[in-house]
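K.L.:
Next comes the sequence, and after it the predicted model I'd like to discuss.
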Amino acid sequence: MSTERDHDRAFVRSFFTTPTAVEGEADSAKMLRRAAQLRGMEAPDVWVPDNEDATAPSMRDEGVENIVEVVTAHGEDVPAEIHPRVVWHRDSPATRYRGFQHMLEIADPEDGAGEQIDGFVIPEVGGIDDWKKADEFLTIVETEHGMEEGSLAMSVIVESGAAELAMGDLREEMGRPENNLERLFLLVDGEVDYTKDMRAMTPTGGLPPWAELRHNTSRAASAAGLIAIDGPYDDIRDVEGYHDRMEDNHAKGMLGIWALTPGQVVEANTAPLPPEEGYWLLDADGREVELRPEDGVATYDGDRIELEATDDGYRLGVGGDDEHLDDEDLSDAILDLVEYVPSLDDVVDSMAEFEAAKEAGKGAIAMTQAVTLRIDGIEVDIEADRMWDEATYQAASTPIALFKDVYENRPDQHEALEERYGASVVQRATAVGN
């Protein structure tokens, strides 16, 4: 099978779920109405009216009615793709049938919402045969409503060991004439139910990190031309923890994450994008520290690293270990402790420089990054060289591809992107790599 994606989005940063019916409210659809009117960085890439876990079982029929009403009224203006989550369970035919009935109702074009719905999210899937059942139901929904086969996307939530193993079957199963699994769009981790299914325990009762699951989901998405999304981060006040989770995910190729609040949506939408300004990181005895720019000098203010001049050179202290160094050795030692995080403008400059060199017949060039660092009042000049070849260029182009995908699919975020980077940088970023 091909790993080319069949959907408009190559990247999804934010997967935002909203209860479809709130019990005890005069307007049970009020949260849906509020979510449908989010714009700019507060609006997700994928909006999920959640008629499963986020909605009480007794309210789910009303939730379907609310989805139809709100999507009919606002769906055309919603900048996100709209993928309702319906009920499903690998071990319950009755639950699967109820989910099927809900999909039929939501997708009905005569009610007005069907034309705005991009697909459905199927939770609690099991082995690959269960995925095929969901696919077949979607095909029947399309047939009943006169829609083209495969026009409704299907995303699944990986919440069991069986579903995790099924991801390994996708390359073989997708593209077979007897199914429409090419409709698959997102692979979403559901760590809470996954923990229950695995009978896992931790001393605190918290969730295990499940790094293996996130790696396996990202790998399966890459192999099958899909998009991987991490599960919800429940501590909505812990912005730093949310960022740490996203940073760890990004290193696995999982650029998307579940968002539970508009605030988390903003963080999820901005975190994968390159920073506005480049900056240096220093490994301060195992702790990564962002150096503060001061008059063009990257400055370290902590106490984990000490630097002082001696009669014959310098003493560099890191975590209790001292080294006595001359000027050249000091520069080399400091260089080993620092890394540069490029801005969007930096990435564009580097890509443009390599493209020009390639046009001139060069297969590889050296890129030099120079900086002056200040530690304990002592300034040290360093230069970091990196060889760029075609493989380096392709790896560096991922953040640019993400930026272009966002710019193309989210015109409501153009103003925010220009405020963040400047209009000229945005223009250059959309042009480089073409």
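P.N.:
Right, received. Where do you want to start? Computed from a prediction, not measured in an experiment: that's the story for all the values here. Residues are numbered from 1 along each chain as shown.
K.L.:
Could you use CA atoms for every contact and neighbour count after this?
P.N.:
OK.
K.L.:
Tell me who's in contact with Ala56.
P.N.:
Ala21, Val22, Glu23 (Cα atoms under 8 Å, 6 or more residues apart in numbering).
K.L.:
buried sites along stretch 327-343?
P.N.:
Of the residues in stretch 327-343, Leu330, Ser331, Ile334, Leu335, Val338, Val341, Pro342, Ser343 count as buried by neighbour count, 16 or more other Cα atoms under 10 Å.
K.L.:
cool, and stretch 370-385?
P.N.:
Leu373, Arg374, Ile375, Val380, Asp381, Ile382, Ala384.
K.L.:
contacts for it?
P.N.:
296-301, 305-309, 330-332, 334-335, 366-369.
K.L.:
what about 10 Å?
P.N.:
By Cα atoms under 10 Å, 6 or more residues apart in numbering, the residues outside stretch 370-385 that reach it are 280, 291-294, 296-303, 305-309, 314, 316, 327-328, 330-336, 338-340, 366-369.
K.L.:
what's in contact with the longest helix seen in the chain?
P.N.:
Using DSSP state H, we find that the single longest helix of the chain is helix 390-409. Here helix 390-409 makes contact (Cα under 10 Å, 6+ apart) with 8-13, 45, 79-81, 255, 269, 272-274, 344, 347-348, 350-352, 354-355, 358, 363-364, 386, 388, 410, 412-414, 417, 426, 429-433.
K.L.:
Reformat the buried residues of stretch 370-385 as JSON lines; add pLDDT, distance to Leu165 and secondary structure.
P.N.:
Output for the buried residues of stretch 370-385, formatted as JSON lines (pLDDT from 0 to 100; distance: Cα to Cα, whole Å; DSSP: H, G, I helix; E, B strand; the rest coil):
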{"residue": "Leu373", "pLDDT": "95", "distance to Leu165": "49", "secondary structure": "strand"}
{"residue": "Arg374", "pLDDT": "95", "distance to Leu165": "51", "secondary structure": "strand"}
{"residue": "Ile375", "pLDDT": "95", "distance to Leu165": "51", "secondary structure": "strand"}
{"residue": "Val380", "pLDDT": "95", "distance to Leu165": "52", "secondary structure": "strand"}
{"residue": "Asp381", "pLDDT": "94", "distance to Leu165": "52", "secondary structure": "strand"}
{"residue": "Ile382", "pLDDT": "92", "distance to Leu165": "48", "secondary structure": "strand"}
{"residue": "Ala384", "pLDDT": "83", "distance to Leu165": "43", "secondary structure": "strand"}
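K.L.:
nearest to Val158, of those residues?
P.N.:
In terms of Cα to Cα, no member of the buried residues of stretch 370-385 lies closer to Val158 than Ala384, at 42.3 Å.
K.L.:
Okay, and the beta partners of that closest one?
P.N.:
Gln369 (DSSP bridges).
K.L.:
What of Leu373?
P.N.:
Ala298, Val380.
K.L.:
how near is it to Ser331?
P.N.:
As judged by Cα to Cα, to the nearest Å, Leu373 and Ser331 stand 10 Å apart.
K.L.:
can you check Asp389 too?
P.N.:
Asp389 is 26 Å from Ser331, by Cα to Cα.
K.L.:
Which stretches in the stretch 151-300 of the chain count as helices?
P.N.:
Secondary structure of the stretch 151-300 of the chain (DSSP state H, counting those that start in this stretch): helices at 161-166, 170-173, 191-198, 211-224, 239-250, 262-270.
K.L.:
same deal with the stretch 1-150 of the chain?
P.N.:
Using DSSP H, counting those that start in this stretch, helices in the stretch 1-150 of the chain cover 30-36, 60-74, 93-106, 128-144.
K.L.:
got those helices as TSV, with mean neighbour count columns?
P.N.:
TSV is the format used below for those (neighbours: other Cα atoms under 10 Å):
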stretch	mean neighbour count
helix 30-36	19
helix 60-74	20
helix 93-106	18
helix 128-144	19
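K.L.:
Include distance to Ala162 and mean pLDDT when you put these into a markdown table, please.
P.N.:
Below are those laid out as a markdown table (distance: least, Cα to Cα, whole Å; pLDDT from 0 to 100):
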| stretch | distance to Ala162 | mean pLDDT |
| --- | --- | --- |
| helix 30-36 | 32 | 97 |
| helix 60-74 | 27 | 97 |
| helix 93-106 | 17 | 98 |
| helix 128-144 | 8 | 97 |
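K.L.:
from memory Lys30 sits against Ala21, does it?
P.N.:
Yes - the pair Lys30 / Ala21 is scored as a contact, 7.9 Å apart, by Cα atoms under 10 Å.
K.L.:
Need the overlap of contacts for these two.
P.N.:
Asn66.
K.L.:
what's around the closest residue to Glu76 other than its chain neighbours, how many residues?
P.N.:
The spatially closest residue to Glu76, leaving aside those adjacent along the chain, is Gln116, at 6.3 Å (Cα to Cα, 6 or more residues apart in numbering). Gln116: 20 surrounding residues under other Cα atoms under 10 Å.
K.L.:
how close does Ile128 sit to Ala163?
P.N.:
Counting by Cα to Cα, the gap from Ile128 to Ala163 is 7 Å.
K.L.:
Quick check: bridge partners of the spatially most central residue of the chain?
P.N.:
Of all residues in the chain, the one closest to the mean position by Cα atoms, centre = their mean is Gly256, 1.8 Å from it. Per DSSP bridges, the residues bridged to Gly256 are Ile229.
K.L.:
How about the contacts made by it?
P.N.:
11-15, 45, 186, 188, 227-231, 246, 249-250, 268-269, 271-272.
K.L.:
circling back to that earlier point, what separates the longest helix of the chain from the chain centre, distance-wise?
P.N.:
14 Å (Cα atoms, centre = their mean, to the nearest Å).
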